[in-house]
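Trainee: Just need the structure, nothing else, for what follows:
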Amino acid sequence: MSQFPCPDWLKPAFKQRFDELAFAAGEYQINKEVRQNQETLMKRLRGELSEEQLKLLLEWDEAANYRNAIEKEQMYFAGIKDGILISKHFFGFMSADADKS
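Mentor: Residues are numbered from 1 along each chain as shown. Here you go, the predicted structure:
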């Protein structure tokens, strides 16, 4: 799934950090309010849609959520890669400046 080339031993650490951040995000009040609204809407859908319509909607929702998760993972790893490159250049410049002293 991931496009980020890194050693296999490092992937669990990134996944754990991502999961920790996702859990923390779920604890923010705004996210709790959005989740409550989502649950209210689901109750309405269950009352107004046929079983077949609801099943189709849930399949669509699952596909959309999966796509969104893949996009988030790609952005997360791109951010890590960017951070590593920035750090590499920053410390490279600092080392070059230290060598001139």
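Trainee: Poorly predicted segments of the chain, please.
Mentor: 1-5, 93-101 (pLDDT under 70).
Trainee: domains in it, as residue ranges please.
Mentor: With automatic domain parsing as the criterion, the domains of the chain are listed as 9-48, 51-101.
Trainee: With mean neighbour count added, can I get those in JSON lines?
Mentor: For every residue, glycine as well, the C-beta is placed using N, CA and C. Shown next, in JSON lines, are the domains of the chain (neighbours: other CB atoms under 10 Å):
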{"stretch": "domain 9-48", "mean neighbour count": "10"}
{"stretch": "domain 51-101", "mean neighbour count": "11"}
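Trainee: chain center to stretch 49-61: distance?
Mentor: 25 Å (CA atoms, centre = their mean, to the nearest Å).
Trainee: swap that for stretch 60-77, sorry
Mentor: Using CA atoms, centre = their mean, the offset of stretch 60-77 from its chain centre is 7 Å.
Trainee: Just the CA coordinates for it, please, in PDB.
Mentor: Extracted C-alpha coordinates of stretch 60-77, given in PDB (Å, rounded to 0.1, in the frame of the first residue of the first chain):
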ATOM      1  CA  TRP A  60     -19.700   3.400  -1.300                       C
ATOM      2  CA  ASP A  61     -18.700   4.800   2.100                       C
ATOM      3  CA  GLU A  62     -16.300   2.000   2.700                       C
ATOM      4  CA  ALA A  63     -14.600   2.600  -0.700                       C
ATOM      5  CA  ALA A  64     -14.400   6.300   0.000                       C
ATOM      6  CA  ASN A  65     -12.900   5.800   3.500                       C
ATOM      7  CA  TYR A  66     -10.400   3.300   2.100                       C
ATOM      8  CA  ARG A  67      -9.300   5.800  -0.600                       C
ATOM      9  CA  ASN A  68      -9.100   8.600   2.000                       C
ATOM     10  CA  ALA A  69      -6.900   6.400   4.300                       C
ATOM     11  CA  ILE A  70      -4.500   5.600   1.400                       C
ATOM     12  CA  GLU A  71      -4.300   9.300   0.600                       C
ATOM     13  CA  LYS A  72      -3.600  10.200   4.300                       C
ATOM     14  CA  GLU A  73      -0.900   7.500   4.400                       C
ATOM     15  CA  GLN A  74       0.700   8.800   1.300                       C
ATOM     16  CA  MET A  75       0.700  12.300   2.700                       C
ATOM     17  CA  TYR A  76       2.000  11.200   6.000                       C
ATOM     18  CA  PHE A  77       5.000   9.400   4.400                       C
END
